[in-house]
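**Q** sharing a model prediction with you, sequence too.
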Amino acid sequence: MTTPEMGLPMVYLVDDEEVVRQGIAWLLRSRRLLSEGFDSGEAFEAALEQHTAAAASTTSAEDWPRAPSCLVLDLRMGGMSGLALFERVIARGLVETLPVIFLTGHGDVPTAVAAVKRGAFDFVEKPFSNNALVDRVEQALANSAAALLKRRELSAQQRRLEQLSKREREVMELVATGMSNKAMAETLQVSVRTIEVHRASVYEKLGVQSAVELLNTLNSLNSPRS
Amino acid sequence: MNRPPPGAPAPASPPIAPVREDRPRWFLWVALVVLLVAVQALLLGLTLHYRSSKAQEEVEARVLASAEELRKMLGADLRRVLNLPGSDEPPQLWRERAQRLLIERPELARIERRDTNFAVTRVLDTPTRSPLFVRIPRAEAQLETELACRAAERRSEPTYSRSFFVPHSDGGGIEVIDLCIAERIGEGLTGYVVATFGLPGLLDQLSASAPPPGLDLAMLEPDGTMLAHGPQRSGAGVFRASRLIDLPGTAIQLQLNSPATQPSLVPDLVTTMVIGLSLTLFGVVVLLARDVRRRARAESELAESLAFRKAMEDSLVTGLRARDRQARTTYVNPAFCAMVGFDANELLSSAQPPYWPAELASEYQRRQEERLASGAQTRDAFETTFVRKSGERFPAMVFESALRDASGAHAGWMSAIVDLSAQRRVEEVARQQQDRLQATARLATIGEMASLLSHELNQPLSAIAAYATGTLNVMDSHTPGVPLDAELWGSLHVAARQIAQQSERAGRVIKSVHDFVRRRESAREAVAVTELAEAILPLVRLQARKSDTAIEFDIDPSLRKVVCDRAMVEQVLLNLTRNGIQAMQGMPRSSGRRVLVLKARASTSQWVLLSVVDTGPGVDDEVARQLFTPFFTTRTEGMGLGLSVCRTIVEQHGGALDFENVRDATGAVCGVEFRFTLPAERTGPSAARAAIDGKSPAIVDGS
């Protein structure tokens, strides 16, 4: 699942108890997964801030995380609770690329279920016995990888869209409304032929074959912003 | 009255005079009245009879006197007649003398002289009346006279004839008697002198001369035939008396008829007095009857109140016992008999109380002697053990005070005895219930902590599971036969050690819960405050760590031990610390350090003040009002039993639990202090007791 251009998947562990962090780290390591531990929500948020800032400062357009990532979060902690930290993750729009798995005690299950409804990947009840936690972490990492791929796809499309000339954008927008070439020519007051040339150019630049494909691409680009 | 005289053996239940039936009493009263009426009637009868006989006697006496007077009068007349000149005297002289006699003696109607042949020689009629023999000649009315003269001649003494009637020309007539005197000279009869007495004239003379004058007199034949009546007719016919007057030759009955009538009731002094006395007597009887009725009423009221007191005594649950100065039992009430199972006679007759347990008798004897020696001032209450007839021992409370007789002298002791066995049973049940409640409260505390505890257990278990699973993963992926590199070996070693450590940690959590929940024997003992604090420390730390709270102890090392039920007080401390920690958890972290201080100070010489101070938001007024109400809670998972149980426990120890908001220099609330007092251990045997009996002191203001 690791792709060379994405880098090694990383599991972030937030639990206020060191021994639990170490235990889970050891468990993940035994399944050849890298992990990084944080003893509180505040500590993780500080690291997150740092990563985001570092990603923004580089010339590369891609946001953090660039590698498949997963956050294993203890629901109940001193200081900032797991739930509060989860809200921050949602606020940063990282819920897709950084899936959150909650660790819960027996009494916290309703809270965890509510969190899952708000977009958390899953929750695992403590004490977890076998490799179930690692399995869920791997699935989360896979989801993260998928999300990263999708994000890259979208940013590539975005870049292609930016390569269109002014007239080509106008034609593309009219195509998206389902207007015929003749009608477009009348609207833009150019010849039908010119429209056809621009249209072919738009199709080529965006890598689509038909008006339907063009519409889908535009929709997928617009949806994150809407 | 309801108390038997001390010194004399008294029955267990003093006999009460039975309330008499009404009938005999009523009967007695009727009998008394009847008797009184009879006596009064008899008395009146006797009085009347006495007065009658008195009148009769008077009449009798009068008639006697009159008879005597008559006899005297006749005697005098006889002598005057005898003194008349005889036949040898000149007739002129006789005539003169006879004339004078007839004038002087009006009762004499006629004087005759007769010769031996009974022929009249001289005669003189009374000048005061019409002559006697007008209607009939003398010769026809001299039969009786002749008989008298013959008798006079024969007996040689003046003789009276029987009375005979001489009719008058006017149709009436008078009864007369003749006095015939035979005149003799020597042995030879010379003639007769005949004097005729008119009976009415005699009576006239008699009633004029005999005292008192004016008596109603009459003359009768001895057979009762009326001869003559006196001038007075005043006789009432009720009281009469007659006297037979024997005259030579005849007899005449003189009758007196008293003017007095039958004695009547009213006007007489004696009768008045008798009636007055009778009325007075009746009055007295009525007063007496009223008095008796009042007494009867008082008596019945007394009997009623006596019966009420008796019923009260009998229905008393408290046993009563009176003893004299020699410590002999003189009185016991039924409750006491029922309590010890002996009957009253057994209790009163035995020298040593049979309800003294044999093994304690000598001690009781000594105690009793002390009391005897101490005299009348004794007034105390003590707890003791008595034995029932069945042999069962039971605790009893005895309240004893000196008994004084009516004159105020010390007569013995009165004791009230209360059987404490039922109370003891109730106390035992209450204590067990209290214990159960405490155990329940402890369980509830743990229940409220369940979430925390499960987290606390989950942490080591999670670590253990992670290490174990990881280790297994490593082992599964390892090819057998290939030696482990040093780093991996080291990791495996660390993992195994962590598993061991975390298991131990989980075990400790479970042990601390178990220690707390385990039902301990509830007993007051002297415990150092530090010991109490250390006992709850694991559970407190457990909570404090999650919320990053610092626990501080501020305990005076020279503090005396407190006398308390350890398990209970531990629970109070745990509840208060938990409340403090949870209160601070709700605060934003930025508002300052979270510190929980457990303080202990000597409050007074007898009390130790413990307090739990947090730096939380304090208690607002709304919450403060309901804080100690059971089932009031501000937390979703709380049961609301904590503080109410705490207060109960502290009050059971005689202490008081309250709280106060702590304010900082600016006056803002910066926490709350819960504090309570516990009795301090005392040096001396009565320490524990004093601690239990002591009043809760006011909590010293610590702020």
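**A** Happy to help now that I have it. Predicted, not measured: the structure shown is a model, and the values here were computed from it. Numbers count the residues shown, from 1 in each chain, chains lettered A, B, ... in the order given.

**Q** mind listing what's buried along the helix or strand harbouring residue B:92?
**A** Using DSSP states H and E, residue B:92 sits within helix B:91-104. For helix B:91-104, a neighbour-count test (16 or more other CB atoms under 10 Å in any protein chain shown) marks B:94-95, B:97-98, B:101-102 as buried. Every residue, glycine included, has its C-beta placed from N, CA and C.

**Q** please apply the same query to stretch A:52-68.
**A** Within stretch A:52-68, judged by 16+ other CB under 10 Å, the buried ones are A:63-68.

**Q** ok, now stretch B:429-443?
**A** For stretch B:429-443, using 16+ other CB under 10 Å, the buried residues are B:434-435, B:438-439, B:441-442.

**Q** tell me the secondary structure at the residue of the stretch 501-650 of chain B found nearest chain A.
**A** When distances are taken as CB to the nearest CB, the stretch 501-650 of chain B reaches nearest to chain A at residue B:548, 4.7 Å away. Classification of residue B:548 using DSSP: H, G, I helix; E, B strand; the rest coil returns coil.

**Q** quick check: it touching residue B:593?
**A** No: checked against CB atoms under 8 Å, the pair residue B:548 and residue B:593 is beyond contact range at 9.1 Å.

**Q** these two - which one has more neighbours?
**A** residue B:548 (15 against 10; other CB atoms under 10 Å in any protein chain shown).

**Q** next one: that one from residue B:594, what distance?
**A** 6 Å (CB to CB, to the nearest Å).

**Q** ranges for the strands of chain A?
**A** A:10-14, A:34-38, A:69-74, A:100-104, A:122-125 (DSSP state E).

**Q** ranking these by burial, who's on top?
**A** strand A:69-74 (a mean of 27; mean count of other CB atoms under 10 Å in any protein chain shown).

**Q** so what's residue A:48 closest to, chain neighbours aside?
**A** Excluding the flanking residues, the one nearest residue A:48 by CB to CB, 6 or more residues apart in numbering or on different chains is residue A:92, at 7.2 Å.

**Q** what's the pLDDT at the one you found?
**A** Residue A:92 is assigned 86 on the pLDDT scale.

**Q** burial check on it, number of neighbours?
**A** Neighbourhood size, residue A:92 [other CB under 10 Å]: 16.

**Q** TSV for the strands of chain A, including mean pLDDT and distance to residue B:124?
**A** Below are those laid out as TSV (pLDDT from 0 to 100; distance: least, CB to CB, whole Å):
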stretch	mean pLDDT	distance to residue B:124
strand A:10-14	92	196
strand A:34-38	91	198
strand A:69-74	90	191
strand A:100-104	88	187
strand A:122-125	87	188
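
**Q** list the contacts for residue A:86?
**A** A:73, A:100, A:102, A:115, A:118, A:120 (CB atoms under 8 Å, 6 or more residues apart in numbering or on different chains).

**Q** quick one, phi/psi of the last one?
**A** Phi and psi for residue A:120, reported as degrees, to the nearest 10, are phi -70, psi 150.

**Q** who touches it in this structure?
**A** Residue A:120 makes contacts with A:86, A:95, A:99-102, A:112, as judged by CB under 8 Å, 6+ apart.

**Q** can you give me the domain boundaries for chain A?
**A** A:10-156, A:163-222 (automatic domain parsing).

**Q** deepest of those domains, which one?
**A** domain A:10-156 (a mean of 18).

**Q** what's the span of it from first residue to last?
**A** Length of domain A:10-156, first residue to last, CA to CA, to the nearest Å: 24 Å.

**Q** quick one: it to chain centroid distance?
**A** Relative to the chain's own centre, domain A:10-156 is displaced by 13 Å; criterion: CA atoms, centre = their mean, to the nearest Å.

**Q** hmm, back to that, out of the strands of chain A, which comes closest to chain B?
**A** strand A:100-104 (7.2 Å).

**Q** backbone dihedrals for residue B:646, please?
**A** phi -60, psi -50.

**Q** what about it, distance to residue B:431?
**A** 19 Å.

**Q** over to residue B:361?
**A** Distance from residue B:361 to residue B:431, by CB to CB: 31 Å.

**Q** repeat that for residue A:207.
**A** In this structure, residue A:207 and residue B:431 are 89 Å apart, going by CB to CB.

**Q** ok, the residue lying farthest from the centre of chain B - contacts?
**A** Ranked by distance from the centre of chain B (CA atoms, centre = their mean), the top residue is residue B:482, with 115.6 Å. Residues near residue B:482 by CB under 8 Å, 6+ apart: none.

**Q** if residue B:175 is in a bridge, with which residues?
**A** residue B:165 (DSSP bridges).

**Q** burial of the closest residue to residue B:575 other than its chain neighbours, as a residue count?
**A** Leaving aside its chain neighbours, residue B:575 sits nearest to residue B:642 (4.3 Å; criterion: CB to CB, 6+ apart). For residue B:642, the count of nearby residues is 25 (other CB under 10 Å).

**Q** so which of the buried residues of stretch B:429-443 is the closest to chain A?
**A** Out of the buried residues of stretch B:429-443, the member with the shortest distance to chain A (by CB to the nearest CB) is residue B:442, at 20.2 Å.

**Q** what separates the closest one from residue B:502, distance-wise?
**A** The value you get for residue B:442 to residue B:502, if CB to CB is used, is 27 Å.

**Q** now residue B:667
**A** With CB to CB as the criterion, residue B:667 and residue B:502 are 48 Å apart.

**Q** phi, psi of residue B:257?
**A** Residue torsions, per degrees, to the nearest 10, at residue B:257 are phi -110, psi 110.

**Q** what do you get for residue B:128?
**A** phi -80, psi -10.

**Q** find the nearest non-adjacent residue to it, please.
**A** Residue B:128's closest residue in space is residue B:106 (CB to CB, 6+ apart), at 5.3 Å.

**Q** over to residue B:387?
**A** residue B:357 (4.5 Å).

**Q** next up, the contacts around the one you found.
**A** B:385-387, B:393.

**Q** just those: which are in strands?
**A** Going by DSSP E, the strands hold B:385-387, B:393 from those.

**Q** are any of the residues you listed buried, and which?
**A** B:386-387.

**Q** now, among the ones in strands among the contacts of residue B:357, which is nearest to residue A:135?
**A** Closest approach to residue A:135 among the ones in strands among the contacts of residue B:357 (CB to CB): residue B:393, at 74.4 Å.

**Q** might one say that the closest one is in contact with residue B:387?
**A** Yes: counting by CB under 8 Å, residue B:393 sits close enough to residue B:387 to count as a contact (5.3 Å).

**Q** near chain B, which residues of chain A show up?
**A** By CB under 8 Å from any CB of the partner chain, the residues of chain A that approach chain B are A:17, A:19-20, A:22-24, A:26-31, A:76, A:78-79, A:103, A:105-108, A:126-131, A:133-134.

**Q** shaky segments in the stretch 351-500 of chain B?
**A** B:375-378, B:448-449, B:451-452 (pLDDT under 70).

**Q** residues in it within reach of chain A, list them.
**A** Near chain A, when you scan the stretch 351-500 of chain B using CB under 8 Å from any CB, you find B:450-451, B:454-455, B:458-467, B:469-474, B:477, B:491, B:494-495, B:498.

**Q** need the buried ones from these selected in PyMOL.
**A** Here is the PyMOL command that selects the buried residues among these (16+ other CB under 10 Å):
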select buried, chain B and resi 454+455+458+459+460+461+462+463+464+465+466+467+469+470+471+473+474+491+495+498
